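> Need coordinates for the below:
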Amino acid sequence: MFTKKTIIRVLVYISGLCILALGLTLSTKADLGVSPIIAVSFCVSKLTGARFGDMTFLLYASFVAIEMVLHLIPGRRCPADRKKAILADVLQLPLSYVFTMLLNVLSSWIQAPDTMALRIAAMLASVILVGIGAALSLDMRLVANPGDGLVQAVSDRSGIELGLAKNIVDITCVTLTCILSMAVSHSIIGVGLGTLIAMLGIGRVIALVNRLSGKRLTLLVDPEQK
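Down below sits the predicted model:
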């Protein structure tokens, strides 16, 4: 039987993913630059006409593949239990499918703002919502979002600090987006002021949520902490 605390934990996790999906969708509708982690999939969707959520699923699947390779490479920082690490990676795929289908639904429901003021408001709201959603889902320590899972895998295997690993992954995604969009359309797609604000602001929002929640979110995962 699930305990009340476990049910609350799952509900907080699901709520976090829904808020995260809404924030990512708003960043695409504002058209001022999307969050770095989805810049490649947004660019490809614009170039090909494919649905944003479908392209994001392919992007997330590639993240999972990279995570699995990193976890399989021998070395002193390899996971103590490789089978458990690989299983955790594989579980990200069904999560990614459901999550990206939600992106498709939200993308069809939400219309693009028609004034610059509304676009700026949507962009700022997206940063806040992505930060809140990421904090809630990450703090529950269930199945990781592939973007976060890749950052964690890079940090674990390289030994670099988590924040720096996040910066490296973000910069790589933005660079690939710029190269791809320039090569195909001779213009930058999906990268702009909103991308920079997201890179700087989302981490601050996550830190603020964790600070305001005190230890309440942590206690859902580890009741022994005081």
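> State the number of residues packed around residue 121.
Residues near residue 121, counting by other Cβ atoms under 10 Å, number 14. Quick note: C-beta positions are derived from backbone N, CA and C, even for glycine.
> what's the distance between the top helix by length along the chain and the middle of its chain?
Counting residues, the longest helix found in the chain (DSSP state H) is helix 4-30. Relative to the chain's own centre, helix 4-30 is displaced by 11 Å; criterion: Cα atoms, centre = their mean, to the nearest Å.
> contacting residues for the residue sitting nearest the centre point of the chain?
Geometric centre of the chain, nearest residue: residue 147, 4.7 Å, by Cα atoms, centre = their mean. Contacts were defined as Cβ atoms under 8 Å, 6 or more residues apart in numbering; by that measure residue 147 touches 37-38, 60, 63, 169.
> May I ask which two of the residues you listed are separated the most?
Within the contacts of residue 147, 60 and 169 form the most distant pair, 12.8 Å apart (Cβ to Cβ).
> Quick check: the gap between the residue nearest to residue 201 when sequence neighbours are not counted and residue 57.
In this structure, residue 201 finds its nearest non-sequential neighbour in residue 127, 4.4 Å apart by Cβ to Cβ, 6 or more residues apart in numbering. Relative to residue 57, residue 127 is positioned 23 Å away (Cβ to Cβ, to the nearest Å).
> returning to that earlier point: so what pLDDT did the residue nearest to the centre of the chain get?
At residue 147, the pLDDT value in this model is 91.
> How far off centre is the helix or strand containing it?
Using DSSP states H and E, residue 147 sits within helix 146-158. Distance of helix 146-158 from the chain centroid (Cα atoms, centre = their mean) equals 12 Å.
> List the buried residues in that helix.
Across helix 146-158, burial judged by 16 or more other Cβ atoms under 10 Å covers 146-157.
> Please apply the same query to stretch 177-196.
Result for stretch 177-196 [16+ other Cβ under 10 Å]: buried residues 177-178, 180-181, 189-192, 194-195.
> Distance across that stretch, terminal residue to terminal residue?
One end of stretch 177-196 sits 14 Å from the other (Cα to Cα, to the nearest Å).
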